[in-house]
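Trainee: could you look at this predicted model? Sequence included:
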Amino acid sequence: MMEIYEGLKRCLEKKERAVIATIIGVEGSAYRREGAACLIREDGTVIGTVSAGCVEGDLFEHAKSVLETGIARQQHYDFRPEGDLLWGLGLGCNGALQVLLQPFDPVHDPACADKLFHMYETKVSCRKACMVGIVIESDDPAKLPVGSPYIFDQEYQETLYFLGGSNGFTQLEIEGVSVTMYLENVRPRPRLVVCGAGPDAIPLVQGAKALGWHVTLVDHRKEAISRDAFSAADELQLINRDDYDKLSIPDDAHVVVMTHNYLLDAMLVKALLPTSIPYLGVLGPRRRTDRILEESGMENDGSHPDMLSKLHAPIGLDIGADSPQEIALSILAELTCKRNQRTGQSLTLRKEPLHDRNRQAALQAQG
């Protein structure tokens, strides 16, 4: 989502045309789910993915028509056994995609381009779950064309939630026009706070940003935190060495402690464990964190029964990580598991469908 937002921003600044391709329907198994999108620039450059590379080339050909006419259109792809014969790719995805192509033309239709950009800006910056929509069918295309983006206000969102229309298609009346709209319930970008600007934090910050996290990097050393290597971080927070235990963390943030300093780690663990954050990961041996808990009396603290459940020490999944890059991968995998409420087990062992729609709806509702 962030890369598409950045791509739209560049197109807007340079007055370049593009097409946004968004999956609005999936039947069966597919590489990406509803809401996944890519940006197809006029020169053929594709930012983001809606498949494993199966349809992007074909979408570019249809995108040319969309840019020429300025009219949004839908494209269907069926890779189920019968439909796949048409494509001859032998993908075996056993699924079908419904993709909407929207023109983004800051030259000939700046008003619509501004609305589309604002919708993606809302997606990447919202702090609470929000709802956006795209017109799929319209009784008055002149007033409300197909492809028109819409951001619902809080009152309307609550009505849609009550009606059970938080995802997929619904019939609405917008601005006096009867429309079929694809609704997308947008979750805020997950927040990650990394405490410690050591060299091993570089791949973690870069990886988290690539995965769509809002990343805050905290350190007391100005020369460490200001390195160009941390340009991927959304926020750089310089604090006094003695103020780690006073660090203000949003309740929904995941926190990784990697200062490589026992006293600083202890300050952070003692201060953050009793808070409402969902995840606290500590880099280093288990015995090191156990010592912090023992010294603070937290290992047997019955006043916070769920306190230790958020603590992950040693941090990360067991993948045999050794290098900073592998350690970052291990941590990011565990963060993803925690956020998506999964176990991290091998998919070979999973008996349920990979995409549980009920679980996805619950996660979206949590925001």
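Mentor: Alright, I've got the coordinates.
Trainee: make it CA atoms for all contacts and neighbour counts henceforth
Mentor: Will do.
Trainee: surely Y120 is in a strand?
Mentor: No - remark: Y120 does not belong to a strand; assigned using DSSP: H, G, I helix; E, B strand; the rest coil, it is helix.
Trainee: would you mind measuring from the nearest residue to it once chain neighbours are set aside to H118?
Mentor: Ranked by C-alpha to C-alpha, 6 or more residues apart in numbering and with sequence neighbours excluded, the top spatial neighbour of Y120 is Y5, at 5.7 Å. Y5 sits at a distance of 9 Å from H118 (criterion: C-alpha to C-alpha, to the nearest Å).
Trainee: give me phi/psi at T180?
Mentor: According to degrees, to the nearest 10, the main-chain angles of T180 amount to phi -100, psi 130.
Trainee: can you check I20 too?
Mentor: Main-chain torsions, I20, degrees, to the nearest 10: phi -100, psi 120.
Trainee: that one and A36 touch, don't they?
Mentor: No - with contact defined as C-alpha atoms under 8 Å, I20 does not count as touching A36 (10.5 Å).
Trainee: which one's more surrounded, the two?
Mentor: Applying other C-alpha atoms under 10 Å to I20 and A36 shows that I20 carries more neighbours, namely 23 against 17.
Trainee: what about R350, how many neighbours?
Mentor: In terms of burial, R350 registers 10 neighbours under the definition other C-alpha under 10 Å.
Trainee: quick one: classify the residue nearest to Y120 as helix, strand or coil.
Mentor: Reducing the assignment to helix, strand or coil with three-state DSSP, the entry for Y5 is helix.
Trainee: how near is it to F117?
Mentor: As judged by C-alpha to C-alpha, Y5 and F117 stand 7 Å apart.
Trainee: and the residue nearest to E42 when sequence neighbours are not counted, what does it touch?
Mentor: Computed as C-alpha to C-alpha, 6+ apart, the closest residue to E42 that is not its neighbour in sequence is A18, at 5.4 Å. Residues counted as contacts of A18 (C-alpha atoms under 8 Å, 6 or more residues apart in numbering) are C11, L39, I40, R41, E42, L67, P103, F104, D105.
Trainee: relative to D58, which of those is nearest.
Mentor: I40 (11.2 Å; C-alpha to C-alpha).
Trainee: helix or strand right after the strand or helix carrying that closest one?
Mentor: According to DSSP states H and E, I40 maps onto strand 37-41. Under the assignment DSSP H and E, the closest C-terminal helix or strand after strand 37-41 is strand 46-48.
Trainee: which residues are contacting that following strand?
Mentor: Looking at strand 46-48 with C-alpha under 8 Å, 6+ apart, the contacting residues turn out to be M1, E3, I4, G7, A37, C38, L39, I40, E56.
Trainee: correct me if wrong: V135 contacts K143.
Mentor: No - shown here, V135 and K143 do not form a contact pair, counting by C-alpha under 8 Å, at 11.6 Å.
Trainee: which of those two has more neighbours?
Mentor: Just comparing V135 and K143: by other C-alpha under 10 Å the higher neighbour count belongs to V135, 25 against 12.
Trainee: over to that one. Which of the three states is it?
Mentor: Secondary structure of V135, reduced to three states by three-state DSSP: strand.
Trainee: so who does it touch?
Mentor: By C-alpha under 8 Å, 6+ apart, the contact set of V135 is L144, P145, V146, G147, S148, P149, Y150, V179, T180, M181, Y182.
Trainee: is it in a bridge, and if so with what?
Mentor: Beta-bridge pairing of V135 under DSSP bridges involves M181.
Trainee: now it: how far from I319?
Mentor: Computed with C-alpha to C-alpha, the distance linking V135 and I319 is 45 Å.
Trainee: go on, K14?
Mentor: Distance from K14 to I319, by C-alpha to C-alpha: 44 Å.
Trainee: also Y77?
Mentor: Y77 sits 37 Å away from I319, going by C-alpha to C-alpha.
Trainee: and E13, by the same measure?
Mentor: As judged by C-alpha to C-alpha, E13 and I319 stand 43 Å apart.
Trainee: over to E334?
Mentor: 11 Å.
Trainee: correct me, but L116 touches F104?
Mentor: Yes - L116 is within contact range of F104, at 7.5 Å (criterion: C-alpha under 8 Å).
Trainee: between these two, point out the one with more neighbours.
Mentor: It is F104, of L116 and F104, that has more neighbours when counted by other C-alpha under 10 Å, with 32 against 25.
Trainee: how about the most centrally placed residue in the chain, phi and psi?
Mentor: Among the residues of the chain, the one closest to the centroid is G212, at 4.4 Å (C-alpha atoms, centre = their mean). Listed backbone geometry of G212 is phi 100, psi 10, with angles given as degrees, to the nearest 10.
Trainee: much appreciated, bye for now.
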